[in-house]
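Colleague: turn this into a structure:
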Amino acid sequence: MAVLFDPFQIRGITLKNRVCVSPMSQYCAQNGYANDWHFAHLSRFALGGCGAVFTEATAVTPAGRRTHGDLGLWEDDQIEALGRIANFIKQQGAVAGIQLAHAGRKASERRPWHGETPVNDEDIGQRNEHPWVAMGPTGEPYGASWPAPKEMGQDDIYSVIEDFGAAAARADAAGFEAIEVYAGHGFLLHQFYSPLCNSRDDCWGGDFAGRIKLSLEVASSIRRHWPQDKALFFRISATDWIDGGWDLDDSVRLAKALKEVGVDVIDCSSGGIGGPHPVPRFPVGPAFQAELAEKVRRDAAIATMSVGFIWDAEVANSVIESGKADLVAIARELLSNPNWTLHAAAELAVDNDYSMWRPAFGWWLNKRERIMKKLGLRDNRS
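Modeller: A predicted model of the protein is given here:
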């Protein structure tokens, strides 16, 4: 039974299937503004049959960008280009989603193909791209070769909370139907809730309640600016994979608290906290994080999304069928094959005649299939 292609409703929106495009940073924005690259990159996934398409990490403030090439939604003029993308995604029958982010101490980084290290003199000389001061819960740097971030004061924290809310209002104006908060992989909110990074002794640190306070305040701020009939996802690192760090039981407690303030789906990834800690060992394998999503789903009684090492249609379907998650998020496999979802429908015997493809594509492909079978060149569709 191909439950991967069952619809899924969240508040007032309905995904036509359970396949979501995971945010994939392109590092191609100019001053935070989306351009034709982002339109082409995201539109092909909507044409390829995905149920929801999320933008890459979109910074809520300039200082919250990871790199100079990150998308942004910190000013109203950035709405128009993103709105064009959201509108096209919806025209193709997919839900238009946006991931809102703040990189915290991980900010002011070079693009991956420039070294994935802090912005340096080469960036200034070759690209006129200058470093900026990152912020974090403490002055501890993200890595050994990274500059110390500014320890955030009360005003900095309250500003970030408002920045997320203001970005949510802009996302609504742009026509997006779902927001995902990026609170994993060593970004700002993960920095606050992980005990490996947050050693503050004020109300934003210390015990569990203090460390998750920023996540709850951000979610609440978004809900104040985000329509009640639109969906709110929250991506977390469900475990740091390091002794003494954030663990899966912590994630269940956080998920329960987030549900109370209006979060609908927990997107369960893991790892990435950084800092002076041993490199975590992941039990990597197909859908290896699905068990994390399963525990959060069961114990917190909230919808979850599983992400990571999902490229096989049968595996994706089994994640949903077994009740480990309600949705699957796919990234790099979609870069390799933007039509993965439609091919998965054929593999799972949901679509045998290209009827799920957009008519401008499916008509031609179905005609070719009929001709090839008539000529005896192919018995089965490939």
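
Colleague: which residues does residue 205 contact?
Modeller: 137, 192, 198, 199, 211 (Cβ atoms under 8 Å, 6 or more residues apart in numbering). In short, each C-beta sits where N, CA and C put it, glycine included.

Colleague: which member of those is positioned nearest residue 54?
Modeller: Closest to residue 54 out of these is residue 192 (22.5 Å), distances taken as Cβ to Cβ.

Colleague: the closest one and residue 200, how far apart?
Modeller: 8 Å (Cβ to Cβ, to the nearest Å).

Colleague: mind listing the helices for this protein?
Modeller: Using DSSP state H, the helices of the chain run over 36-47, 79-91, 121-127, 154-174, 188-193, 208-225, 248-260, 290-300, 313-321, 332-336, 340-347, 359-374.

Colleague: buried deepest among these, which one?
Modeller: Across the helices of the chain, averaging neighbours per residue (mean count of other Cβ atoms under 10 Å) puts helix 188-193 on top, at a mean of 28.

Colleague: off-centre distance for that helix?
Modeller: 16 Å (Cα atoms, centre = their mean, to the nearest Å).

Colleague: from residue 162, how far off is the spatially closest residue to residue 107 that is not a sequence neighbour?
Modeller: Leaving aside its chain neighbours, residue 107 sits nearest to residue 134 (4.0 Å; criterion: Cβ to Cβ, 6 or more residues apart in numbering). For residue 134, the distance to residue 162 (Cβ to Cβ) stands at 19 Å.

Colleague: check residue 1 too.
Modeller: 46 Å.

Colleague: on that earlier part again, nearest to residue 235, of the helices of the chain?
Modeller: With Cβ to Cβ, the closest approach to residue 235 among these belongs to helix 188-193: 9.3 Å.

Colleague: low pLDDT regions in the stretch 51-200 of the chain?
Modeller: Applying pLDDT under 70 to the stretch 51-200 of the chain flags no residue at all.

Colleague: domain ranges for the chain?
Modeller: 3-351, 358-382 (automatic domain parsing).

Colleague: straight-line length of the longest one, end to end?
Modeller: The distance separating the two terminal residues of domain 3-351, taken as Cα to Cα, to the nearest Å, comes to 13 Å.

Colleague: swap in stretch 344-362?
Modeller: 15 Å.

Colleague: run the chain-centre distance for it.
Modeller: 27 Å.

Colleague: quick one: mean pLDDT over it.
Modeller: Across stretch 344-362, pLDDT averages out at 96.

Colleague: isn't residue 147 right up against residue 119?
Modeller: No - counting by Cβ atoms under 8 Å, residue 147 stays clear of residue 119, with 9.7 Å between them.

Colleague: common neighbours of the two, please.
Modeller: With Cβ under 8 Å, 6+ apart, residue 147 and residue 119 have common neighbours 108, 131.

Colleague: give me the more crowded residue out of these two.
Modeller: Legend: neighbour count by other Cβ atoms under 10 Å for residue 147 and residue 119, higher for residue 119 (22 against 15).

Colleague: apart from its chain neighbours, what residue comes closest to the more buried one?
Modeller: Excluding the flanking residues, the one nearest residue 119 by Cβ to Cβ, 6+ apart is residue 131, at 4.0 Å.

Colleague: got the contact list for that neighbour?
Modeller: Per Cβ under 8 Å, 6+ apart, neighbours of residue 131: 108, 118, 119, 120, 123, 147.

Colleague: now swap in residue 329 and tell me
Modeller: Per Cβ under 8 Å, 6+ apart, neighbours of residue 329: 20, 21, 22, 54, 267, 305, 306, 307, 310.

Colleague: quick one, grab the pLDDT at it.
Modeller: On the pLDDT scale, residue 329 gets 98.

Colleague: any stretches of the stretch 251-382 of the chain with poor pLDDT?
Modeller: For the stretch 251-382 of the chain (pLDDT under 70), the answer is 379-382.

Colleague: ok, 80 please
Modeller: By pLDDT under 80, the low-scoring segments of the stretch 251-382 of the chain are 378-382.

Colleague: count of neighbours near residue 283?
Modeller: Neighbours around residue 283, by other Cβ under 10 Å: 9.

Colleague: could you pull up phi and psi at it?
Modeller: phi -80, psi 70 (degrees, to the nearest 10).

Colleague: distance of residue 119 from residue 105?
Modeller: For residue 119 relative to residue 105 (Cβ to Cβ), the value is 14 Å.

Colleague: do residue 342 as well
Modeller: 40 Å.

Colleague: and if you look at residue 144?
Modeller: Distance from residue 144 to residue 105, by Cβ to Cβ: 13 Å.

Colleague: more neighbours: the two, which one.
Modeller: Taking other Cβ under 10 Å, residue 144 and residue 105 do not tie; residue 105 has more neighbours (29 against 8).

Colleague: the more buried one - nearest residue in space that isn't next to it in sequence?
Modeller: Closest residue in space to residue 105, ignoring its immediate chain neighbours: residue 136 at 3.4 Å, by Cβ to Cβ, 6+ apart.

Colleague: mind listing the residues bridging to that neighbour?
Modeller: Residues in a beta bridge with residue 136, per DSSP bridges, are residue 151.

Colleague: which residues does it contact?
Modeller: Contacts of residue 136 (Cβ under 8 Å, 6+ apart): 104, 105, 142, 149, 150, 151, 152, 188, 191, 197.

Colleague: ok, the third one touching residue 106?
Modeller: Yes - Residue 142 is in contact with residue 106 according to Cβ under 8 Å; the separation is 5.1 Å.

Colleague: overlap in contacts of the two?
Modeller: Residues touching both residue 142 and residue 106 (Cβ under 8 Å, 6+ apart): 134, 186, 274.

Colleague: for the last one, give me its contacts.
Modeller: The neighbourhood of residue 274, defined by Cβ under 8 Å, 6+ apart, consists of 105, 106, 142, 143, 186, 197.
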